[in-house]
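Undergrad: Kindly return the folded structure for what I paste below:
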Amino acid sequence: MKRTLLCLPLTAALALTACGNTPPTVATDPAAAPAAQRSDKAQSVTLQPLIVGGTISARGARPYQVAMTNTSGFQYCGGTLISSTWVLTAAHCVKGTAASSIRIRAGVNKLSDSTQGQTVGVSTVTIHPSYRDASYGYDIALLKLSTAVNNPYAAPAKLPNNTVEGILDVKGKFAVVSGWGLTQGNNNSSASDDLREVSIPISPNPGTCGGSTVPGNTICGEYYQGKDSCNGDSGGPLAQAYNGNNYVLGIVSYGPSACTGNGVYTRVNGYLSWIAQVSGITADGNDTTLPVTYTGSVSQGTSSYRPGSTGFSYAGGTLQATLSGPSGTDFDLYLQKYNGSTWADVASSESGTSTESINYAATSGTYRWEVYAYSGSGSYTLKATK
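TA: Residues are numbered from 1 along each chain as shown. Coordinates of the predicted model:
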């Protein structure tokens with residue numbers, strides 16, 4: 001049965017989750033990271049984990065972005081989640097590196113916050129067989145995760161088929177690069193603890209980029225108004241949103257060490273057959289939601305919000321959830337969307353029993369699940385696709 005509607009401004013919702021323990025110090029031991037942090041190309045195209053002229057990403061805004069770390073937690077490269085068990089990255093990030101020495105953090109924005117995200121191991125590293133170094137192209141690799149990602153702030157990006165590629169990968173269009181690391185060029189700053197992003201114009205199949213010849217199947221990211229990825233955390237995504245979905249167009253490959261010039265990105269569409277052969281993931285065919293199970297408890301007349309009061313960012317698609325409560329209770333389930341100032345119900349299930357379910361065709365936006373105890377109290381289980 002429907003509870004009394006209570007709309008909270010987002011600022012108030014944020015205040016409810018602002019308390020917590022002092023976060024641990026970020027690992028800062030570069031010597032502890034795997035050696036393959038840069039391509040074998042000349043020093044003029046040094047690879048750095050860097051976002052210049054960008055802004056801090058909102059929590060959950062880049063759910064496909066993952067951090068690659070060593071076993072000590074030192075972050076040295078980025079990657080793109082393309083399914084619950086596969087990550088796409090640059091070959092130069094993992095060349096000569098054992099799978100057992102790599103960790104993936106998914107669903108994380110602030111690296112120093114150990115409560116954010118999920119850390120999983122890597123079971124297999126597959127580098128494109130034609131890779132020599134970034135200057136010859138084929139700077140692409142796939143990581144098979146030892147455990148499936150199951151985090152409310154993580155969701156895979158889609159691979160662009162030829163139709164989507166033709167729409168998005170157009171000269172002058174903008175794409176977003178995200179990553180952690182230095183925020184100024186020429187090593188004039190420290191690494192960023194927060195995930196940052198920058199929007200840059202792109203040029204497909206350039207042949208040349210910034211006056212230099214580049215390999216085939218690359219995208220040129222143009223230096224624009226002081227904004228540059230400087231390879232934006234090597235191995236990380238160059239992405240665009242289209243029709244409610246996030247697509248990974250490119251992988252950060254290399255660029256000038258001064259971070260004041262154009263960057264080169266591996267064009268993902270050029271390697272779809274290889275990606276499918278290794279991982280079984282096809283363009284536009286991978287899952288866009290990850291199953292997750294929440295447990296909690298509510299007392300009569302109170303609510304519980306999942307994954308939290310601030311919700312999660314969703315690119316669009318079907319959101320599904322099933323709620324189970326103790327026998328004899330009446331727990332209701334609601335899906336809410338943030339409209340810019342308050343939360344509003346967009347779907348509900350109020351059967352008058354202890355079991356409820358929702359199946360909702362969602363557009364892009366920020367959502368959260370609400371479990372409300374209309375009568376009775378006790379523990380619940382919520383199984384959701386996000």
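Undergrad: show me what contacts P201?
TA: Residues in contact with P201 (Cβ atoms under 8 Å, 6 or more residues apart in numbering) are K171, G172, K173, F174, G221, E222, Y224. In short, each C-beta sits where N, CA and C put it, glycine included.
Undergrad: Find me the pLDDT at the fifth one, would you?
TA: Spelled out, that is G221. According to the prediction, G221 has pLDDT 84.
Undergrad: Same check on the third one?
TA: According to the prediction, K173 has pLDDT 90.
Undergrad: distance of A373 from G311?
TA: Remark: distance between A373 and G311 (Cβ to Cβ, to the nearest Å) = 20 Å.
Undergrad: ditto for N70
TA: 32 Å.
Undergrad: Show me which of these two is the more surrounded one.
TA: Shown here are N70 and G311; by other Cβ atoms under 10 Å, G311 has more neighbours (23 against 18).
Undergrad: list the contacts for that one?
TA: G311 neighbours (Cβ under 8 Å, 6+ apart): A13, G60, Y305, Q336, Y338, W343, T366, Y367, R368.
Undergrad: which one of those is nearest L142?
TA: Each of the contacts of G311 was scored against L142 by Cβ to Cβ, and G60 proved nearest at 24.4 Å.
Undergrad: On the three-state scheme, G172 is what?
TA: Assigned by DSSP: H, G, I helix; E, B strand; the rest coil, the conformation of G172 is coil.
Undergrad: For the nearest residue to it once chain neighbours are set aside, name its beta-bridge partners.
TA: With Cβ to Cβ, 6 or more residues apart in numbering as the criterion, G172 has its nearest non-adjacent residue at 5.6 Å, and that residue is P201. Per DSSP bridges, the residues bridged to P201 are F174.
Undergrad: Distance of P201 relative to R306?
TA: Distance from P201 to R306, by Cβ to Cβ: 39 Å.
Undergrad: ditto for S112
TA: Taken as Cβ to Cβ, the span from S112 to R306 is 24 Å.
Undergrad: Settle it for me: which of those two has more neighbours?
TA: R306 (22 against 15).
Undergrad: Bridged to the more buried one, which residues?
TA: W369.
Undergrad: got the contact list for it?
TA: Contacts of R306 (Cβ under 8 Å, 6+ apart): P152, Y294, G296, R368, W369, E370, V371, L382, A384.
Undergrad: export these to a markdown table and tack on pLDDT, distance to N161 and neighbour count?
TA: Formatted as a markdown table, the contacts of R306 follow (pLDDT from 0 to 100; distance: Cβ to Cβ, whole Å; neighbours: other Cβ atoms under 10 Å):
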| residue | pLDDT | distance to N161 | neighbour count |
| --- | --- | --- | --- |
| P152 | 91 | 28 | 21 |
| Y294 | 86 | 34 | 18 |
| G296 | 92 | 40 | 12 |
| R368 | 91 | 32 | 21 |
| W369 | 94 | 32 | 24 |
| E370 | 96 | 36 | 21 |
| V371 | 96 | 38 | 24 |
| L382 | 94 | 34 | 23 |
| A384 | 88 | 28 | 23 |
